[in-house]
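A.B. asks: Have a look at this prediction, sequence included:
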Amino acid sequence: MDITKIIEGIESCPTFKALSRDKKVLLAAIAEPVVYEKGKLVFSMDQIGQSHFYIVYSGHLSLKLKARKAPRREFRKGDLFGEIAIFSDQYRLGTIECLDDTVLLVFDKEKVFNSSLLSSRLMLDVSIALTQKIVSYFYVDDNLSSKELIQQGESETVEFKVTLNQNIGKVVETIIAFMNLNGGTIFIGVEDNGNVKGLDFSEDERLLNQQRDSFTRRICSSAERKIGKDFLDSIKIDWESIDGMVVMRIDCLSADSPIFYTEREGNEEKEVYIVRTMTGNQRLTRTSEIVSHITKKFKT
């Protein structure tokens with residue numbers, strides 16, 4: 001891979017945004033581009049940290065953390081991972097799998113901290129940047145502002161919808177999918193790419209409150225019809241202003257018992273079991289799949 005492309009890959013990484021162009025050029029000189037095919041594991045939980053960290057140049061990967069209830073995360077161009085291994089020789093905390101053919105920029109600890117390759121100042125800058133990223137993990141989603149949560153993108157616990165119109169059924173499906181896994185948050189008024197578009201509301205305060213109440217009632221009424229009253233206490237609806245845009249935020253807790261989505265098929269009603277997988281919802285149709293999920297999720 002051409003050095004200019006490696007520099008481009010480093011420049012796409014927010015972790016190193018504070019580094020000067022000259023320092024990024026020096027860092028690029030010690031990076032090794034590696035191609036991973038779809039389905040290949042970059043590393044897994046049963047491996048001791050290999051003293052490497054990675055920047056995604058292209059492709060799509062997923063991270064499954066060791067903690068049973070930890071949500072999956074996804075990585076795309078510019079994302080950095082594996083940095084804990086630079087400071088620790090313990091086992092990896094999760095498994096990284098390629099969801100598409102992927103090119104990674106691999107950085108070896110021995111090169112990062114080699115004084116004949118990098119200056120002491122640059123080694124310190126890299127250490128600070130990686131440490132700041134590690135520290136950010138202590139600020140779990142529960143402590144993040146809505147803006148910060150949106151900036152992290154859609155995940156196993158976060159979903160975006162541009163508008164509520166024509167989407168109420170999908171919103172309720174997502175609520176159920178979240179509750180059947182680890183809970184989650186839905187932002188309405190946000191595009192799939194995280195751009196905050198906001199909802200089109202009146203500037204008149206009285207009309208604004210009426211519109212908000214109407215939206216809230218529609219969500220609650222639809223949720224009650226689909227899942228019953230018993231689970232409504234686990235759903236919280238708030239309205240927030242983000243960058244001057246009005247956004248609806250729906251938080252839902254993880255359920256203590258399985259929830260089935262009721263839908264009509266002709267003149268009959270049927271129950272559907274929906275779970276959250278990665279950044280989407282999955283309808284489980286086979287009895288064995290449903291039993292397996294319920295047994296694992298709701299075991300006592």
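C.D. replies: Structure's in. What do you need? Residues are numbered from 1 along each chain as shown.
A.B. asks: Find the residue at the geometric middle of this structure.
C.D. replies: For the chain, residue 155 is the residue whose C-alpha lies nearest the centre (C-alpha atoms, centre = their mean; 2.9 Å).
A.B. asks: I figured that one was touching residue 279, is that so?
C.D. replies: Yes: applying C-beta atoms under 8 Å, one finds residue 155 in contact with residue 279, separated by 6.2 Å. Any C-beta I mention is one placed from the backbone N, CA and C, and that applies to glycine too.
A.B. asks: Next, show the common contact partners of those two.
C.D. replies: Listed contacts common to residue 155 and residue 279 are residue 74; contacts here mean C-beta atoms under 8 Å, 6 or more residues apart in numbering.
A.B. asks: which residues in the stretch 201-300 of the chain form helices?
C.D. replies: For the stretch 201-300 of the chain, the helices defined by DSSP state H, counting those that start in this stretch cover 205-227, 287-297.
A.B. asks: try the stretch 51-200 of the chain
C.D. replies: 109-112, 120-136, 146-151, 168-179.
A.B. asks: What is the last one packed up against?
C.D. replies: Helices and strands touching helix 168-179, by 3 or more C-beta pairs under 8 Å, 6 or more residues apart in numbering; DSSP states H and E, are strand 158-161, strand 184-188, helix 205-227, strand 245-252, strand 260-265, strand 268-277, strand 280-284.
A.B. asks: change it to 6 Å
C.D. replies: helix 205-227, strand 245-252, strand 268-277, strand 280-284 (3 or more C-beta pairs under 6 Å, 6 or more residues apart in numbering; DSSP states H and E).
A.B. asks: Only the buried residues of the third one, if you could.
C.D. replies: Read it as strand 268-277. For strand 268-277, the neighbour count (16 or more other C-beta atoms under 10 Å) marks 272-276 as buried.
A.B. asks: right, and out of these, which lies closest to residue 35?
C.D. replies: Nearest to residue 35 among those: residue 276, at 30.8 Å, using C-beta to C-beta.
A.B. asks: can I assume that closest one is in contact with residue 177?
C.D. replies: Yes: with contact defined as C-beta atoms under 6 Å, residue 276 reaches residue 177; the gap is 4.2 Å.
A.B. asks: What's opposite residue 242 in the beta bridge?
C.D. replies: residue 245 (DSSP bridges).
A.B. asks: any idea how far it lies from residue 174?
C.D. replies: 20 Å (C-beta to C-beta, to the nearest Å).
A.B. asks: What distance do you get for residue 58 to residue 76?
C.D. replies: For residue 58, the distance to residue 76 - C-beta to C-beta - is 9 Å.
A.B. asks: Looking at the helices and strands packed on helix 168-179, spot the one closest to residue 12.
C.D. replies: strand 280-284 (25.1 Å).
A.B. asks: Parallel or antiparallel, list what pairs with that closest one.
C.D. replies: By DSSP bridges, strand 280-284 pairs with strand 268-277 (antiparallel).
A.B. asks: Can you pull out the low-pLDDT segments for the stretch 151-300 of the chain?
C.D. replies: Residues of the stretch 151-300 of the chain that meet the criterion pLDDT under 70 lie in 166, 202, 299-300.
A.B. asks: hmm, try it at 80
C.D. replies: 164-167, 201-206, 208, 228, 230, 264-266, 278-279, 298-300 (pLDDT under 80).
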